[in-house]
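A.B. asks: only geometry, no sequence info:
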DNA sequence: CATATACGGAACTGGCCAGTTTCGAAACTG
DNA sequence: CAGTTTCGAAACTGGCCAGTTCCGTATATG
């Protein structure tokens, strides 16, 4: 009998520094063509990898996409990193940063490329939820609660729902109306919807 | 030389009473499987029609889908048909009718089955806009403006944006969060977001 | 009646693409 | 060195499906 199992495997090591490049290429193609339109040949070509390499690391197309979404780099939205200007309006405006908008553009394209799959792939919904949806909602909840504690806004306002207003309206505008989201739009959501709704 | 052109065509007449049945079958399959998952065989079978019949009437799959969406029966949202309870809250609540919710469910499934195509098919976006989006937005605008005229709400509120709040939040909840939209949710959007935002 | 078109149903064609295999070269182990 | 696994690249396989064609039948014109 030989050694149980783990020993040491011979042969060339898998180059895991390529993983991020492949996942990033996946997200690019996904944003451009959507899930159904995306082919693994495109991804392989863009990542300068062979299809065999892809299948050696992910067992299927949907696996690759789920992993790509799940590994997407998230902006730092930890409470400590959030703006603290003293007013809710100041905080919300400070959340609109140029990189944030441009970044959001790509994320939205990825989301729209993937919505059709969400209902069939629960893991995908969870990945999107965890990476793209929840962090932003949590940040908004934090800012709203701080404003409540400060006595700046109505203490009985519905923080849960309010935290999703911007995201919902950006999503709708992009997906259905196909109007680009600019700073003006975001400001008007803040000034015409959110702030009036929480006034004391 | 024979007659110019139009004369009278011989042969069996096309049975246009079947058109609505086919388009409806299309919407059903679309709601169930999404655009990419939908096959014309499925549609033909469901409508008890031959594929040849489909192609005799629509030149392609995307043509059929665009027509099906465009011909979708819209609820009557003409100003005269809208509720007039005397208060904005009463009007908005009156807009939530059981058939309306159930109907909306199917429409949302159709929308999600079709979002991936919107960016590639401008006609599809227009059809969706005209049939599913604009009428509801127009109804909300009407109710909001009437409330402004009545002096019930802030005259300087952003009617255009406010009219899209419910639709956006319903859309987001259904597509991304995958939480069913019930009466309670709609009421909370009205009471926690819309009405507070327009208070004088 | 002959002719022409529509019908539902089924068979066919051709392209696309997920997933697999093969290749020669590179990299690691012992 | 031999053996094993990786790599990128390319060829291959098999299934799915949009779109076409054909069949037997039904319905219209003249």
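C.D. replies: Good, I have the coordinates. Model, not experiment: these values are computed from the prediction. Numbering: from 1, shown residues only, chains lettered A, B, ... in the order given.
A.B. asks: tell me who's in contact with residue A:171.
C.D. replies: Residue A:171 sits next to A:108, A:111, B:168, B:171, B:172, B:175, B:176 when contact means C-beta atoms under 8 Å, 6 or more residues apart in numbering or on different chains. Where C-beta positions appear, they are placed from N, C-alpha and C, glycine not excepted.
A.B. asks: actually residue A:49, not the one I typed
C.D. replies: Shown in contact with residue A:49 (C-beta under 8 Å, 6+ apart): A:18, A:21, A:22.
A.B. asks: measure residue A:194 to residue B:121 for me?
C.D. replies: From residue A:194 across to residue B:121, the span is 34 Å (C-beta to C-beta, to the nearest Å).
A.B. asks: I figured residue A:194 hits residue A:166, correct?
C.D. replies: Yes - counting by C-beta atoms under 8 Å, residue A:166 is a contact partner of residue A:194 at 7.2 Å.
A.B. asks: what does the helix or strand of chain A with the lowest mean pLDDT rub up against?
C.D. replies: When each helix and strand of chain A is scored by mean pLDDT, DSSP states H and E, helix A:98-118 comes last, with a mean of 88. Helix A:98-118 has contacts (C-beta under 8 Å, 6+ apart) with A:27, A:30-38, A:62, A:65, A:69, A:72, A:75, A:124-125, A:128, A:132, A:170-171, A:174-175, A:180-183, A:186, B:34-36, B:112-113, B:115-116, B:118-119, B:175-176, B:178.
A.B. asks: PyMOL command for the buried members of those?
C.D. replies: Only the buried entries of the contacts of helix A:98-118 go into this PyMOL selection, using 16 or more other C-beta atoms under 10 Å in any protein chain shown:
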select buried, (chain A and resi 27+30+31+33+34+35+38+65+69+72+124+125+128+132+170+171+174+175+181+186) or (chain B and resi 34+35+112+113+115+116+118+119+175+176)
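A.B. asks: hmm, back to that, tell me the angle of the least confident helix or strand of chain A relative to helix B:98-118?
C.D. replies: Per axes from the mean of the first three to the mean of the last three C-alpha atoms, to 10 degrees, the angle that helix A:98-118 makes with helix B:98-118 is 110 degrees.
A.B. asks: right, and the helix or strand after helix A:98-118?
C.D. replies: As assigned by DSSP states H and E, the chain's next helix or strand after helix A:98-118 is helix A:122-128.
A.B. asks: where exactly do the helices run in chain A?
C.D. replies: Assigned by DSSP state H, the helices in chain A fall at A:18-37, A:40-46, A:51-57, A:61-70, A:88-94, A:98-118, A:122-128, A:134-149, A:159-162, A:165-172, A:183-189, A:195-198.
A.B. asks: quick one: which of the contacts of residue A:171 is nearest to DNA strand C?
C.D. replies: Sorting the contacts of residue A:171 by how near they are to DNA strand C, with C-beta to the nearest atom of the strand, puts residue A:111 at the top with 19.1 Å.
A.B. asks: which positions within stretch A:99-113 qualify as buried?
C.D. replies: A:104, A:107, A:108, A:109, A:110, A:111, A:112, A:113.
A.B. asks: what's the spacing between the last one and DNA strand D?
C.D. replies: Distance check for residue A:113 against DNA strand D: by C-beta to the nearest atom of the strand, to the nearest Å, it reads 19 Å.
A.B. asks: need the contact list for the most centrally placed residue in chain A.
C.D. replies: Centroid-nearest residue in chain A, with C-alpha atoms, centre = their mean: residue A:132, separated by 2.4 Å. Residue A:132 makes contacts with A:69, A:72, A:74, A:107, A:110, A:111, as judged by C-beta under 8 Å, 6+ apart.
A.B. asks: and the pLDDT for the closest residue to the fifth one other than its chain neighbours?
C.D. replies: In this case it means residue A:110. In space, and not counting its chain neighbours, residue A:110 is closest to residue A:31: 4.9 Å by C-beta to C-beta, 6 or more residues apart in numbering or on different chains. Looking at residue A:31, its pLDDT reads 95.
A.B. asks: quick check: residue A:31 vs residue A:131, distance?
C.D. replies: Counting by C-beta to C-beta - residue A:31 and residue A:131 are separated by 14 Å.
A.B. asks: repeat that for residue A:105.
C.D. replies: For residue A:105, the distance to residue A:131 (C-beta to C-beta) stands at 16 Å.
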